[in-house]
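J.: Could you look at this predicted model? Sequence included:
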Amino acid sequence: MARELISIRDLAVAVDESEILHGVNLDMGPGETHVIMGPNGAGKSTLANALMGHPGYRVTGGRVTFGESDLLAMSVSERARGGLFMSFQNPIEVPGVSLESFIRTALEQRTGEKQRVWTFRKEMKKVLDALQMDESYAERDLNVGFSGGEKKKAEILQMLLLKPSLAILDETDSGLDVDAVRTVSRGVEEFQKDKNASLLIITHNAAILSSLHVDAVHILVNGRIVRDGGPELIADVEKEGFAKYEGLGHE
């Protein structure tokens with residue numbers, strides 16, 4: 001059996017004085033796609049932010065191993081350079097930094113190698129075309145004036161160019177229209193072609209999952225994973241909602 005890419009054991013996380021996650025356990029192998037589903041307020045984004053090292057989320061217990069490293073002992077930049085990536089629900093605007101410059105600099109940090117401008121632009125154009133984004137986006141300030149859908153596409157663009165070993169997509173489909181969801185899904189499918197790259201998709205909506213291969217689904221309720229299973233859980237949630245799981249999230 002392949003060694004886990006990430007192993008989460010008894011993870012507890014607090015925001016201010018309130019504990020949000022209460023002992024989360026999760027293992028993912030290389031090349032796997034896992035989905036975390038749950039109602040609003042279940043702790044899905046808390047898990048994502050804690051894994052990325054957001055200072056507003058305080059780990060109060062448990063451990064996380066990423067590859068052979070203690071993830072919780074790593075700085076945010078070390079996690080990113082080590083191959084951890086997160087697509088945010090609400091990507092921030094960065095005036096004065098073009099989308100192209102941002103991604104090229106991030107890729108240089110990720111790989112430790114200087115990127116040839118012509119080679120990078122050629123690769124970027126291929127991904128822009130796949131996401132149905134005009135080449136002019138590369139010259140625009142990062143997310144400045146972008147619509148919600150454009151911001152999400154820009155996040156997927158970053159993921160495809162940076163080639164992380166584990167990408168966390170936090171409600172990437174939130175606020176997108178049907179066409180934008182299809183475009184983002186195609187980008188995620190492209191990422192899945194790398195058999196060494198893993199995906200952790202966090203959502204409460206199954207729309208983005210319809211065309212994706214999914215290895216495992218985890219239902220998160222009240223800060224606890226209350227059910228693990230396969231893709232059949234997605235259909236169950238679509239049919240029944242989360243009400244049947246609510247009582248399982250309490251001690």
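T.: Everything's here; your move.
J.: Can you read off the backbone torsions of residue 169?
T.: The phi/psi pair for residue 169 (degrees, to the nearest 10) reads phi -110, psi 110.
J.: That one contacts residue 85, doesn't it?
T.: No - in this structure residue 169 lies outside contact range of residue 85 using C-beta atoms under 8 Å: 9.1 Å. C-beta coordinates here come from the backbone N, C-alpha and C atoms, glycine included.
J.: Of those two, which one has the most company?
T.: Using other C-beta atoms under 10 Å as the criterion, residue 169 and residue 85 rank with residue 169 on top: 27 against 23.
J.: got the contact list for that one?
T.: 86, 87, 188, 199, 200, 201, 202, 203 (C-beta atoms under 8 Å, 6 or more residues apart in numbering).
J.: that's a strand at the fifth one, yeah?
T.: Yes - assigned with DSSP: H, G, I helix; E, B strand; the rest coil, residue 200 falls within a strand.
J.: So what sits opposite it in the bridge?
T.: residue 34, residue 168 (DSSP bridges).
J.: what's the burial count for it?
T.: Counted with other C-beta under 10 Å, the neighbours of residue 200 add up to 24.
J.: surely it meets residue 166?
T.: Yes - using C-beta under 8 Å, residue 200 makes contact with residue 166 at a distance of 6.7 Å.
J.: shared neighbours of these two, anything?
T.: Joint contacts of residue 200 and residue 166 (C-beta under 8 Å, 6+ apart) are residue 28.
J.: all helices of the chain, in order?
T.: 44-52, 76-81, 99-111, 117-130, 148-162, 178-192, 232-240, 243-246 (DSSP state H).
J.: so where's the stretch 151-251 of the chain uncertain?
T.: Low-confidence segments of the stretch 151-251 of the chain, defined by pLDDT under 70: 247-251.
J.: do that again at 80, thanks
T.: Along the stretch 151-251 of the chain, the model assigns pLDDT under 80 to residues 172-180, 204-208, 210-211, 246-251.
J.: if I pick residue 157, what's in contact with it?
T.: Neighbour list for residue 157: 99, 103, 124, 127, 128, 131, 133, 187 [criterion: C-beta under 8 Å, 6+ apart].
J.: for the residue nearest to residue 144 when sequence neighbours are not counted, what are its contacts?
T.: Nearest non-adjacent residue to residue 144, counting by C-beta to C-beta, 6 or more residues apart in numbering: residue 93, 4.7 Å away. By C-beta under 8 Å, 6+ apart, residue 93 lies in contact with 141, 142, 143, 144, 146.
J.: Are any of those buried, and if so which?
T.: Buried members of the contacts of residue 93, scored by 16 or more other C-beta atoms under 10 Å, are 141, 142, 143, 146.
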